[in-house]
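*Asks:* sequence? don't have it. structure:
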Ligand code: NAD
């Protein structure tokens, strides 16, 4: 097995020495149950390997049934007191957590680079986008306020947002810090307790976050982290004590979890796959459009659910293609710690094989590979799962258009008019994100009204809403009714109670008891 190079090794050693739950030097990843980092007794382990060298970093347990049960028990016990803890105390937790995440963002980013493969700068972005959710959760005392009205003389009705109980969060590999941070702060400030199951491919950041939660004063059992694959996911879906599941990941798992979880009466929100189109109009600012598309298509090696995976060139904008290819060629594909790296390897040899197969299918189906990243080699990383920047010209019937590729592959389609472009996007099953590049307000306005996609960028390539808003992917990119974070996050993790009370002012008056028969007049 290959070893980490001189850039990565000291970071791996530091992570292993400084954090209780994770290892980057071949040790075991721990579960975090009831405030303790505990070694699993399982006999089944998943290897976590560095995607740029295949070095074994850690082993992740397939948590046993009894360990899972302990985690649910710890979360159920903690709920009894945490749900009754004052909102100010819960707010203090997120205030502390945001400071600790800032102070430890290098450790989080280093863990992400090692396990996931993205560049250090991009890993910092992964942490920052999660941190923003923590920061927005600080407004919880105001955001949790209910309504109150005197509905009759001396009679009030009020609504109160109360927590659900034990909730669960199941995360994907591509944002190891951001996705756990979409759910931990929102579940905790609303008074719930949480069982987090990170991706078994890169659990390190979640373990660092768990330790930071502890340092931020979170009582034992409020956040628990358990690891595993499908059996753990199924146990989450089936356990009667778990009231809600937040899922982010691929279509197959998302549909399964939504169906299995809701069949047990749980509330489920499931963010899934995507195919995001960027429309380039002939009047677009060419430089902005091309740079935006290159960044959004190839950043994180295309492994973002909001990556632009389709460029839809309208009319004369089709002439931009040679420049798009030239700019893509200049990208620096390298190990994530290397200076100047634009993107790193994809997550696994299997993912690389699948991506290269989809690129090959373009030729087989009569499309054109105009920039071919297959067989890409990077000096110093002979074992890395690298795929170079790839651009293919296809039609909407081809596999490379129909499937989510989740790699550094930009699919190019052409359209004569904006209406044709809208028809293409609206016929696609996904509805996560889309963007238009134009200098025309009316064109942008028409696009924004007619496109059936939940997150729309006007001259903005990755229109992920900041967490004072809520995630709003739609169509096949989402199952459920309430989006992640923002107001949606608060609504997802709470249910309303209405209380109607009567305190008659006149009852305070009069010194003598009446002995007459009560008539309620
Ligand atoms: P994945 O579905 O393979 O894994 C996600 C989680 O589900 C993991 O924790 C995994 O252990 C579990 N899982 C995997 N297969 C399962 C199965 N058959 N049954 C039950 N559980 C299962 O996803 P991934 O490859 O880690 O992540 C990439 C996918 O996530 C892409 O499709 C991407 O678009 C999507 N994603 C979506 C968003 C969004 O907000 N819409 C954000 C990030 C990633």
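*Replies:* Nice, I can see it. Given the structure is predicted, the values throughout are model-derived calculations rather than measurements.
*Asks:* kindly state the domain boundaries assigned to the protein.
*Replies:* 7-272+473-499, 276-458 (the TED database).
*Asks:* make JSON lines from these and add distance to the ligand, mean neighbour count and mean pLDDT to it.
*Replies:* C-beta: built from backbone N, CA, C; applies to glycine. Listed next are those as JSON lines, based on distance: least, C-beta to the nearest ligand atom, whole Å; neighbours: other C-beta atoms under 10 Å; pLDDT from 0 to 100:
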{"stretch": "domain 7-272+473-499", "distance to the ligand": "3", "mean neighbour count": "21", "mean pLDDT": "98"}
{"stretch": "domain 276-458", "distance to the ligand": "3", "mean neighbour count": "20", "mean pLDDT": "98"}
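*Asks:* switch these over to a markdown table; also include distance to residue 512.
*Replies:* Output for the domains of the chain, formatted as a markdown table (distance: least, C-beta to C-beta, whole Å):
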| stretch | distance to residue 512 |
| --- | --- |
| domain 7-272+473-499 | 21 |
| domain 276-458 | 66 |
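*Asks:* and of those domains, who's closest to residue 515?
*Replies:* Nearest to residue 515 among those is domain 7-272+473-499; the distance by C-beta to C-beta comes to 24.1 Å.
*Asks:* the closest one: end-to-end distance?
*Replies:* 60 Å (C-alpha to C-alpha, to the nearest Å).
*Asks:* any idea how far it is from the chain center?
*Replies:* Chain-centre distance of domain 7-272+473-499: 10 Å, with C-alpha atoms, centre = their mean, to the nearest Å.
*Asks:* my guess is residue 35 contacts residue 223. True?
*Replies:* No - using C-beta atoms under 8 Å, residue 35 is not in contact with residue 223; the gap is 9.1 Å.
*Asks:* span of stretch 311-318 from start to end?
*Replies:* End residues of stretch 311-318 are separated by 10 Å (C-alpha to C-alpha).
*Asks:* distance between it and the chain's centre?
*Replies:* The answer for stretch 311-318 is 31 Å, by C-alpha atoms, centre = their mean.
*Asks:* in the stretch 51-200 of the chain, which spans are strands?
*Replies:* With DSSP state E, counting those that start in this stretch, the ranges of strands along the stretch 51-200 of the chain come out as 56-61, 148-152, 155-163, 166-170, 193-197.
*Asks:* mind putting those into CSV with distance to residue 509?
*Replies:* Shown next, in CSV, are the strands of the stretch 51-200 of the chain (distance: least, C-beta to C-beta, whole Å):
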stretch, distance to residue 509
strand 56-61, 68
strand 148-152, 19
strand 155-163, 18
strand 166-170, 48
strand 193-197, 46
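*Asks:* out of those, nearest to residue 365?
*Replies:* Here strand 166-170 is closest among the strands of the stretch 51-200 of the chain (C-beta to C-beta), at 34.5 Å.
*Asks:* what angle do strand 193-197 and that closest one make with each other?
*Replies:* Counting by axes from the mean of the first three to the mean of the last three C-alpha atoms, to 10 degrees, strand 166-170 points 20 degrees away from the direction of strand 193-197.
*Asks:* and strand 166-170, which strands flank it?
*Replies:* Paired with strand 166-170 in the same sheet, following DSSP bridges, are strand 193-197 (parallel), strand 242-248 (parallel).
*Asks:* which residues sit against the first one?
*Replies:* By that I understand strand 193-197. 71-72, 75-76, 78-79, 82, 165-171, 180, 183-184, 187-188, 206, 210, 221-228, 232-233, 236, 242 (C-beta atoms under 8 Å, 6 or more residues apart in numbering).
*Asks:* thank you, goodbye.
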